[in-house]
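Visitor: need coordinates for the below:
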Amino acid sequence: MLAVTIEVSPEASAEFKLSITRALADQLADALSRLHPAPLTSEQLSALQPRPGVYELFVRGRRVYVGKASRSIPARLGNHLRKLSGRSNITLGEVSFQCLYVDEDLEAAAPEKMLIKKYRDHGGAPWNTNGFGSKDPGRNRDHSLVKANHFDAEYPINLDLRIESLAPGLYPVKTYLRAVKSSLPFNLRFDTRSAHSKEDYPDSTAEVPPAELTVRDLIRLAVDALPEGWQATALPGYVILYREDTIYASARVLWRKRNGVVSEITGAARLDKPGAIEDEEPGDDE
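Guide: The predicted structure follows:
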């Protein structure tokens, strides 16, 4: 039998991968590159339209975070403004932003994730992977060591921040705790079951003096208004208040009342070695 050899040209075939997402990321990045970041202030945010879109945060001109607002960019940025206003090692004057309004039909394409991936090889957006957007981790995580590269470790809550929103006067302790919680730019979590128990402290009140108070002052007033046995603990990113006598490894400060006197005690403030940190989806509205 006669053998027939057929030569197949290697140039007759090739692999093709459709990369619509890369094209979209390039267009988004190009549009953002034409903008000029503005200071992250209430005045600047009030000039924005309450529309969905993507945004970037900068610290001293360096991009640190890419996010998405599903409903309102100014509302989302307002949450960040409030959070950053209560942190140490950073001032609001160092923070700026820029944003793009994005049509709703691009929502499913997760435009912020496209940008994060595109920026990854050029310094990235480090706050997207250091816990900046994380919410209250819950009671079960209070004892966990905070990573040294976590946002809360690098920019812990500012206990010396002055709070002006509480009016002077005498407050039932339950009302006082709610008022302090709403006044702080970070979370105050307290034991609501005990706080609603009339048997626990039927006549407890907290008196707010006619003076500007710091976060430390407000927490001390709360512990002083409660019966002995309660403890307030300032962790790197939030404050907790429970009936307990407990040491938390990452605690910075704790307050206890003994024999009618509130003491402020320096915590161990231990941190875990740097490592991967689970962050929230960067576009979820808070």
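Visitor: need the helix or strand of the chain with the lowest average pLDDT.
Guide: helix 192-195 (a mean of 64; mean pLDDT, DSSP states H and E).
Visitor: next SSE downstream of it?
Guide: Once the chain leaves helix 192-195, the next helix or strand it forms, by DSSP states H and E, is strand 205-208.
Visitor: name the strands paired with the next helix or strand after that following strand and say parallel or antiparallel.
Guide: Downstream of strand 205-208, the next assigned helix or strand under DSSP H and E is strand 213-214. Here strand 213-214 is paired, per DSSP bridges, with strand 162-163 (antiparallel).
Visitor: so what touches the partner strand?
Guide: Outside strand 162-163, the residues within contact range by Cβ atoms under 8 Å, 6 or more residues apart in numbering are Ser183, Leu184, Glu212, Leu213, Thr214, Val215, Leu218. From N, CA and C alone the C-beta is placed, and that goes for glycine too.
Visitor: tell me the contacts of the second one?
Guide: Under the criterion of Cβ under 8 Å, 6+ apart, the contact list for Leu184 reads Gly86, Ile163, Val215, Leu218, Val239.
Visitor: equivalent analysis for the third one, please.
Guide: Listed by Cβ under 8 Å, 6+ apart, the contact partners of Glu212 are Arg162, Ile163, Glu164.
Visitor: let's see the PyMOL selection covering just the buried ones among the residues you listed.
Guide: Only the buried entries of the contacts of Glu212 go into this PyMOL selection, using 16 or more other Cβ atoms under 10 Å:
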select buried, resi 163
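Visitor: of all the contacts of Glu212, which comes closest to Asp245?
Guide: For these, the residue nearest Asp245 by Cβ to Cβ is Ile163; the value is 27.2 Å.
Visitor: just checking: what are the partner strands of the helix or strand hosting Cys99?
Guide: Assigned by DSSP H and E, Cys99 belongs to strand 95-101. The sheet places strand 95-101 alongside strand 38-39 (antiparallel), strand 53-59 (antiparallel), with pairing taken from DSSP bridges.
Visitor: deepest in the core, which of the ones you listed is it.
Guide: Most buried of those, by mean neighbour count (mean count of other Cβ atoms under 10 Å): strand 53-59, with a mean of 22.
Visitor: could you give me the buried positions within the following helix or strand past that one?
Guide: Where DSSP H and E defines the elements, the next helix or strand beyond strand 53-59 is strand 62-69. Buried residues in strand 62-69, counted by 16+ other Cβ under 10 Å: Arg63, Val64, Tyr65, Val66, Gly67, Lys68, Ala69.
Visitor: from the contacts of strand 162-163, which two are the most distant?
Guide: Between any two of these (Cβ to Cβ), the greatest distance is 14.7 Å, for Leu184 and Glu212.
Visitor: so who does Tyr171 touch?
Guide: Ala179, Thr205, Ala206, Glu207, Val208.
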